[in-house]
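S.K.: next input, structure requested:
(one chain, ligands or ions: 1)
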Amino acid sequence: MDFLAAMRIYLLILAFIFGACIGSFVNCAADRYCAKESILRGRSHCPVCHHALGFLDLFPIFSYLFLRGKCRYCGAKIPIRCLLTELTMGLSFLLAALKFGFTLQALECCMLLAALLAVALIDFDTMEIPDGLLLFGAVVFEAFLFAYDNWQERLTQGLLGAVIYGGGMLLISLIMDAMLKKESLGGGDVKLYALLGLYLGPAVGLVCLILSCLIGLLAAAFGKKGEFPFGPSIAVAAFISLMVGEKIISLYLSIFL
Ligand SMILES: [Zn+2]
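M.R.: Numbering: from 1, shown residues only. Just a heads-up that it's a prediction; the model follows:
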């Protein structure tokens with residue numbers, strides 16, 4: 001194997017480890033947000049026995065596997081969600097690096113994915129999407145514009161996407177609210193669509209919209225009854241759209257052309 005190929009594999013492994021660490025951080029930050037604790041202050045601790053976590057407890061994925069999913073100090077079960085978020089983010093960062101290479105675009109994509117993971121986890125627990133996370137996403141989009149040669153086009157397409165999907169979903173939710181006489185789509189969901197329209201533009205934004213409805217319907221059919229958070233479905237749809245949205249469009253068009 002030549003040096004470049006070895007280097008590439010090494011960097012991809014680093015991307016996976018970095019993603020797993022970010023997944024671990026986001027999971028912990030989301031838990032703290034939901035428990036109304038400070039996100040940045042205080043050391044990580046077991047939520048059951050409150051014992052501060054040691055160095056060996058903080059390795060993503062490995063700590064969970066070595067401890068067999070139990071707290072080292074009190075034996076309380078660590079939610080499987082910790083392991084799943086770490087694995088998911090590791091894989092997501094790996095895929096982002098494969099798609100965009102080791103570029104600023106890949107970094108931007110990873111930052112959006114981290115925000116989307118936080119959105120999904122917090123919405124799942126509290127049925128709420130914090131404005132701060134959406135604002136973070138919008139700031140990242142602005143900050144990375146310079147990394148694009150065609151940044152004017154990216155900005156125009158993005159603003160168009162934000163207006164179409166943010167405005168469109170707002171209109172639909174107002175109509176549905178009036179028809180059902182109760183809140184249908186949350187305000188957080190509408191703002192999330194606007195943010196994704198910004199990143200994806202009008203064309204891929206449509207793929208994301210359709211996918212999120214399909215995934216949402218599946219989740220509603222198999223999930224628990226009653227009120228159910230839509231954010232996780234939108235986040236999954238956004239991830240698929242970011243990775244293969246353009247491929248889906250050209251595949252769809254090739255059926256007709
Ligand atoms: Zn414990």
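
S.K.: from now on I want contacts and neighbour counts done on CA atoms only, so please keep to that.
M.R.: Fine.

S.K.: what helix or strand is whatever residue of the stretch 101-250 of the chain ends up closest to the ion on?
M.R.: The ion sits closest to residue 125 of the stretch 101-250 of the chain, with a gap of 21.2 Å, by CA to the ion. Using DSSP states H and E, residue 125 maps to helix 104-126.

S.K.: any idea which helix or strand comes after the longest helix seen in the chain?
M.R.: The residue-count maximum for a helix in the chain (DSSP state H) belongs to helix 187-222. Downstream of helix 187-222, the next assigned helix or strand under DSSP H and E is helix 231-256.

S.K.: would you mind listing the buried residues in that next one?
M.R.: For helix 231-256, a neighbour-count test (16 or more other CA atoms under 10 Å) marks 231-239, 241-243, 245 as buried.

S.K.: counting contacts, what elements does it pack onto?
M.R.: Other elements packing on helix 231-256 under the criterion 3 or more CA pairs under 8 Å, 6 or more residues apart in numbering; DSSP states H and E are helix 80-100, helix 104-126, helix 187-222.

S.K.: now render those as JSON lines, adding distance to residue 166, mean neighbour count and mean pLDDT.
M.R.: Formatted as JSON lines, those follow (distance: least, CA to CA, whole Å; neighbours: other CA atoms under 10 Å; pLDDT from 0 to 100):
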{"stretch": "helix 80-100", "distance to residue 166": "25", "mean neighbour count": "20", "mean pLDDT": "95"}
{"stretch": "helix 104-126", "distance to residue 166": "16", "mean neighbour count": "21", "mean pLDDT": "95"}
{"stretch": "helix 187-222", "distance to residue 166": "4", "mean neighbour count": "21", "mean pLDDT": "94"}
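
S.K.: make JSON lines out of these and add distance to residue 155.
M.R.: Output for the helices and strands packed on helix 231-256, formatted as JSON lines (distance: least, CA to CA, whole Å):
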{"stretch": "helix 80-100", "distance to residue 155": "19"}
{"stretch": "helix 104-126", "distance to residue 155": "14"}
{"stretch": "helix 187-222", "distance to residue 155": "8"}
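
S.K.: how about these, which one is nearest residue 8?
M.R.: With CA to CA as the measure, helix 80-100 is the member of those nearest residue 8 (9.7 Å).

S.K.: give me the distance from the closest one to the chain's centre.
M.R.: 10 Å (CA atoms, centre = their mean, to the nearest Å).

S.K.: now it against helix 104-126, angle please.
M.R.: For helix 80-100 against helix 104-126, the angle by axes from the mean of the first three to the mean of the last three CA atoms, to 10 degrees is 160 degrees.

S.K.: got the contact list for helix 80-100?
M.R.: For helix 80-100, the surrounding residues in contact (CA atoms under 8 Å, 6 or more residues apart in numbering) are 12-13, 15-24, 27, 60-61, 64, 69, 103, 106, 109-110, 113-114, 243.
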